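Visitor: After the sequence you'll find the predicted model.
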Amino acid sequence: MVNEGVYKFVLKDEDGNYIYEKDGKIVKSSEFIKEALIVINAGEEKTINNLDVGKYKLYEVDDSGTNVNLINNIGYKVSFSPSNIIEITRQNQNKEVTVTNTLKRESIDIEISGNKYLKNSKINEREFEFKLTQVDKDKREIKDENGEKIEYTTRNNINGEFTFNFEINDVGEYYYIVSENDEGNSKYIYDTNKYLIKINVTEEAKKLVYVMTILDGGEN
């Protein structure tokens with residue numbers, strides 16, 4: 001049972017700054033000011049938007065910003081945008097609650113494509129198979145948690161085009177080798193080139209973006 005009443009809190013970052021929202025923007029203050037007070041009626045919700053990723057502490061205070069003892073079984077929820085909702089229940093006379101606002105980024109869709117050409121012959125749909133293998137920058141194969149190679153396969157369409165589609169969910173540099181599988185048809189000479197591709201994933205305005213570069217085996 002939540003005790004009735006109005007409760008006041010302040011939010012601080014790891015450097016001890018008071019954090020509050022004003023006109024849709026997050027403001028930091030090294031000293032306590034009235035605007036930093038978060039006022040919550042018992043059992044209600046308070047949303048603080050646009051917080052940066054990081055660790056924050058909530059303190060219950062009085063009007064002057066001085067820490068006060070908590071009344072047992074005060075419950076409230078603080079939701080952080082654009083990341084997940086964090087639900088906290090205050091009890092047992094704790095004087096502070098530590099919460100971590102972790103940004104949950106949306107994965108970015110990656111597309112790697114190419115073309116297969118035949119001289120003096122029309123290409124048929126799904127006639128050739130192509131493989132994409134994840135490697136490190138030194139072309140060593142990367143294994144998943146089960147010790148298996150990270151590979152994708154695809155086949156060409158009626159125009160000879162082939163495409164690999166997959167997702168990446170974090171910033172970093174990723175390397176892949178594109179190759180053609182030799183399926184043993186004696187009337188074809190299969191492409192033995194291995195194309196090393198670099199995918200550089202960065203964050204812009206809290207969204208993932210990428211730049212793709214062919215490092216070896218072809219032209220940019």
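Guide: Everything's here; your move. Residues are numbered from 1 along each chain as shown.

Visitor: quick one: pLDDT of the residue of the chain most remote from its centre?
Guide: Going by C-alpha atoms, centre = their mean, the residue of the chain most distant from its centre is Asn120, 47.2 Å out. On the pLDDT scale, Asn120 is placed at 86.

Visitor: Mind checking what secondary structure it has?
Guide: Using DSSP: H, G, I helix; E, B strand; the rest coil, the structure places Asn120 in coil.

Visitor: contacting residues around it?
Guide: Residues near Asn120 by C-beta atoms under 8 Å, 6 or more residues apart in numbering: none. The C-beta positions use only the backbone N, C-alpha and C, and glycine is treated the same way.

Visitor: Relative to Ile48, how far out is it?
Guide: Counting by C-beta to C-beta, to the nearest Å, the gap from Asn120 to Ile48 is 67 Å.

Visitor: and if you look at Lys198?
Guide: Counting by C-beta to C-beta - Lys198 and Ile48 are separated by 39 Å.

Visitor: again, but for Glu145
Guide: Following C-beta to C-beta, the distance that separates Glu145 from Ile48 is 36 Å.

Visitor: ok, these two, which is more surrounded?
Guide: Ile48 (18 against 5; other C-beta atoms under 10 Å).

Visitor: Chain neighbours aside, what residue packs nearest to that one?
Guide: The shortest distance from Ile48 to any non-neighbouring residue, by C-beta to C-beta, 6 or more residues apart in numbering, is to Glu21 (5.7 Å).

Visitor: Touching, that neighbour and Leu37? I think so.
Guide: No - using C-beta atoms under 8 Å, Glu21 makes no contact with Leu37, being 11.7 Å away.

Visitor: what ranges of this structure fall below the confidence cut-off?
Guide: Applying pLDDT under 70 to the chain picks out residues 1-5, 42-45, 69-105, 218-220.

Visitor: if you set the cut-off to 90 instead, what comes out?
Guide: By pLDDT under 90, the low-scoring segments of the chain are 1-14, 16, 20-26, 38-106, 119-120, 145, 169-171, 203-208, 216-220.

Visitor: about what we covered before: how near is the residue nearest to Ile48 to Glu35?
Guide: With distances taken as C-beta to C-beta, Glu21 is found 9 Å from Glu35.

Visitor: Now for those two: what residues contact both?
Guide: Common neighbours of Glu21 and Glu35, counting by C-beta under 8 Å, 6+ apart, are Val27.

Visitor: pretty sure Arg56 contacts Ile19?
Guide: Careful, residue 56 is Tyr and not Arg. Yes - assessed by C-beta under 8 Å, Tyr56 is found in contact with Ile19 at 6.6 Å.

Visitor: Once you drop chain neighbours, what's closest to Leu215?
Guide: Nearest non-adjacent residue to Leu215, counting by C-beta to C-beta, 6+ apart: Leu196, 4.6 Å away.

Visitor: dump the residue contacts of that neighbour.
Guide: Val135, Lys139, Tyr175, Tyr176, Ile177, Ile214, Leu215, Asp216, Gly217.

Visitor: and the second one, how many neighbours?
Guide: What it means is Lys139. Residues near Lys139, counting by other C-beta under 10 Å, number 13.

Visitor: Also the one 3 residues further on?
Guide: Residues lying near Ile142 (other C-beta under 10 Å) number 13.

Visitor: which element is the residue nearest to it when sequence neighbours are not counted on?
Guide: Excluding its sequence neighbours, the residue lying closest to Ile142 (C-beta to C-beta, 6+ apart) is Gln134, at 4.7 Å. Element membership for Gln134 (DSSP states H and E) is strand 129-135.
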